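Make a model of this:
(one chain, ligands or ions: 2)
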Amino acid sequence: MAKIQAIRGTRDILPEEVGYWQHIETVASTILSNALYQEIRTPIFEETSLFERGIGEATDVVGKEMYTFMDRGDRSLTLRPEGTAGVVRSFIQHNLAASGGVQKLWYKGPMFRYERPQAGRQRQFHQIGLELLGSRDPRADVEVIALATDILSTLGLKNLSLSLNSVGNGEDRQRYRDALVSYLTPYKDQLDADSQDRLNRNPLRILDSKDQKTQEICQNAPSILEYLGEDSQKHFEQVQQLLNDLGVSYQLNPSLVRGLDYYTHTAFEIQSADLGAQATVCGGGRYDGLISQLGGSETPSIGWAIGMERLVLLLQKLQTTPVLVPDFYIVSRGEKAEAQGFVLAQKLRNAGLKVELDLSGSAFGKQFKRADRSGAIACIILGDAEAENQTVQLKWMATQEQVSLLQAELLSQIDDLKQQLTRHKK
Ligand code: ATP
Ligand code: MG
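Residues are numbered from 1 along each chain as shown. Ligands and ions are numbered 1, 2, ... in the order given. The predicted structure follows:
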């Protein structure tokens, strides 16, 4: 029979890799909790119209990349291609605005886009994202940007660059849009097909084109920064000042755009120089118009999303392998010894220690080999003699030093044991 394979564009995250994922999630949730962001978990599928209205029909994501299907009740549903729309739907539905002040939320989980699979680009991929809802203060913009850079630098990532832009408010963008269209129209025939199509529908997205000729033409296009009104300019200057105050470096990139009407002011991306073509690890921006667009009351907000797969690729390159290593590996043989070793394992685990219990029942030699391979800091050995005397042999793997002690002693000296483990860690 033909073996069933994982769907193209999806991957299993195997045990050898999952340590990276858990490490990233722990670092992110710690940093986000310190800033009092709370996790929110929304469904993986939603009504298709949520994404059409929440991301925009003129985008690639909605136009070409969505996994949309009819369910058995003839409803059009879509596997979420990103997290913001669902969070905003939930925010409106549960009237989270009523609890007053700003809402600071984060999420993690799988997203789905029908794209051409390649390194760092999949059809099921994963994001960690956050949304700060209910503040138009430039400090909010910089807080969320700094949370992203904190997470990335705590993970030990280097060679990152932050690109920053402002797309202003609706009026600014309308004036800019007109200027851009008049600049591009004479070149229309030389633009790539997608960009020609966007010239009337969504011209700002043309700046984002990956086509070389289109990029060349765009190089001399007018800059949105010259079209910002006074308020937008002031907001953007404050954002830059606060980034300077925090010592976060950035480059201005006037062609970094979000093409839809409800995106406003700050847009940013963090790229890695170590990733090749799929270089963007984090993308975000302000969306002051989105919540009212989706039927809520006007709620200025800002958020970002980090692509997990690309972070994992970077961490693998750094080889900071956060593998799961036991503190103790228990080797036992003989009926009594095995029963005592089993109880010991449970008690040590309950005391917060990482304990591997060899269940093979094979000869001591084989069990020792596995203990070595596991990277355990120490080995706890029980044979017939130890079982008889209620003792164990405790062997520190790095020094090979071995002591005999009572099982009761071992369990009553957990704090001391933990200190010894720290000393023996390589
Ligand atoms: P790209 O230009 O790489 O397609 P995007 O603008 O579509 O990115 P966003 O919607 O801003 O991406 O998503 C935020 C982050 O999620 C990206 O910076 C990237 O790290 C990650 N991401 C997006 N699409 C994919 C995908 N298909 N596979 C893996 N990661 C992805
Ligand atoms: Mg994309």
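
where's the residue sitting nearest the centre point of the chain, which helix or strand?
For the chain, the residue nearest the mean C-alpha position is residue 128 (3.2 Å; CA atoms, centre = their mean). Assigned by DSSP states H and E, residue 128 falls within strand 124-133.

now that strand, how far from the centre of its chain.
7 Å (CA atoms, centre = their mean, to the nearest Å).

Quick check: residues of the stretch 151-300 of the chain near ligand 1?
By the rule CB under 6 Å from any ligand atom, the part of the stretch 151-300 of the chain lying against ligand 1 is 278, 280, 281, 282, 283. Every residue, glycine included, has its C-beta placed from N, CA and C.

gap between the second one and residue 208?
Residue 280 sits 11 Å away from residue 208, going by CB to CB, to the nearest Å.

Tell me which of those two has more neighbours.
Neighbour count, other CB atoms under 10 Å: between residue 280 and residue 208, residue 208 has more, with 19 against 15.

which helices and strands sit right next to the helix or strand where residue 405 lies?
Applying DSSP H and E as the criterion places residue 405 in strand 402-406. Contact analysis of strand 402-406 by 3 or more CB pairs under 8 Å, 6 or more residues apart in numbering; DSSP states H and E lists strand 391-396 as its packing neighbours.

burial measure for residue 202, as a count.
Other residues near residue 202 come to 20 when the count uses other CB under 10 Å.

tell me the contacts of it?
Residue 202 makes contact with 56, 58, 59, 259, 260, according to CB atoms under 8 Å, 6 or more residues apart in numbering.

Return the residues in contact with the nearest residue in space to residue 140 that is not next to it in sequence.
In space, not counting the residues next to it along the chain, residue 140 is nearest to residue 132; the distance is 5.2 Å by CB to CB, 6 or more residues apart in numbering. For residue 132, the contacting residues are 102, 103, 104, 105, 140, 143, 144, 301, 302, 303, by CB under 8 Å, 6+ apart.

follow-up on the earlier one: list just the nearest of the contacts of residue 202 to ligand 1.
Nearest to ligand 1 among the contacts of residue 202, counting by CB to the nearest ligand atom, is residue 59 at 8.9 Å.

correct me, but that closest one touches residue 260?
Yes. Under the criterion of CB atoms under 8 Å, residue 59 makes contact with residue 260 at 7.1 Å.

who has more neighbours, these two?
residue 260 (22 against 19).

hang on, the more buried one is in a helix, isn't it?
No. The assignment for residue 260 (DSSP: H, G, I helix; E, B strand; the rest coil) gives coil, which keeps it out of a helix.

any idea how far residue 204 is from the residue lying closest to it once chain neighbours are set aside?
Nearest residue to residue 260, sequence neighbours excluded (CB to CB, 6+ apart): residue 56, at 4.2 Å. Using CB to CB, we find residue 56 at a distance of 11 Å from residue 204.

wouldn't residue 309 be in contact with residue 127 here?
No. Assessed by CB under 8 Å, residue 309 is found out of contact with residue 127, at 9.4 Å.

about what we covered before: what strands line up against the strand holding residue 128, and which way round?
strand 103-112 (antiparallel), strand 301-307 (antiparallel) (DSSP bridges).

In the stretch 1-150 of the chain, which residue sits closest to ligand 1?
Counting by CB to the nearest ligand atom, the stretch 1-150 of the chain gets nearest ligand 1 through residue 125, at 3.4 Å.

pLDDT score for that residue?
At residue 125, the pLDDT value in this model is 98.

Now for it: which residues touch it?
Taking CB under 8 Å, 6+ apart, we find residue 125 in contact with 110, 111, 113, 307, 308, 309.

So how do I select the buried members of those residues in PyMOL?
In PyMOL, this line selects whichever of these come out buried by 16 or more other CB atoms under 10 Å:
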select buried, resi 111+113+307+308+309
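
Between the contacts of residue 125, which sits nearest residue 352?
When these are ranked by distance to residue 352 (CB to CB), residue 308 comes first, at 28.1 Å.

what number of residues lie near the closest residue to that closest one other than its chain neighbours?
Leaving out its chain neighbours, the residue that sits closest to residue 308 by CB to CB, 6+ apart is residue 126, at 3.9 Å. By other CB under 10 Å, the residues close to residue 126 number 19.

Residue 288 - how many residues pack around it?
Look at residue 288: counted by other CB under 10 Å, it has 18 neighbours.

so where do the strands sit in the stretch 201-350 of the chain?
251-252, 264-272, 280-286, 301-307, 328-332 (DSSP state E, counting those that start in this stretch).

Put the alpha carbons of the longest one into CSV.
Going back to what we said before, that points to strand 264-272. Coordinates of each C-alpha in strand 264-272 appear next as CSV, following Å, rounded to 0.1, in the frame of the first residue of the first chain:
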residue,chain,number,x,y,z
THR,A,264,-2.1,53.8,9.5
HIS,A,265,1.1,55.4,10.6
THR,A,266,3.9,53.0,11.7
ALA,A,267,4.8,50.0,9.6
PHE,A,268,7.9,47.9,10.4
GLU,A,269,9.8,44.7,9.6
ILE,A,270,12.7,42.9,11.1
GLN,A,271,14.9,41.1,8.8
SER,A,272,17.8,38.7,9.3
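
Adjacent strands (with direction) for that strand?
Strand 264-272 is paired, per DSSP bridges, with strand 160-166 (antiparallel), strand 280-286 (antiparallel).

List the buried residues in the last one.
Spelled out, it's strand 280-286. Per 16+ other CB under 10 Å, strand 280-286 contains these buried residues: 281, 282, 283, 284, 285, 286.

tell me the pLDDT at the second one?
Residue-level confidence at residue 282 comes out at 96, pLDDT.

just checking, it touches residue 307?
Yes. With contacts counted by CB under 8 Å, residue 282 reaches residue 307, the gap being 7.5 Å.

domain assignment for the chain?
Per automatic domain parsing, the structural domains of the chain span 15-169+229-318, 328-421.

Pick the most deeply packed of these.
domain 15-169+229-318 (a mean of 18; mean count of other CB atoms under 10 Å).
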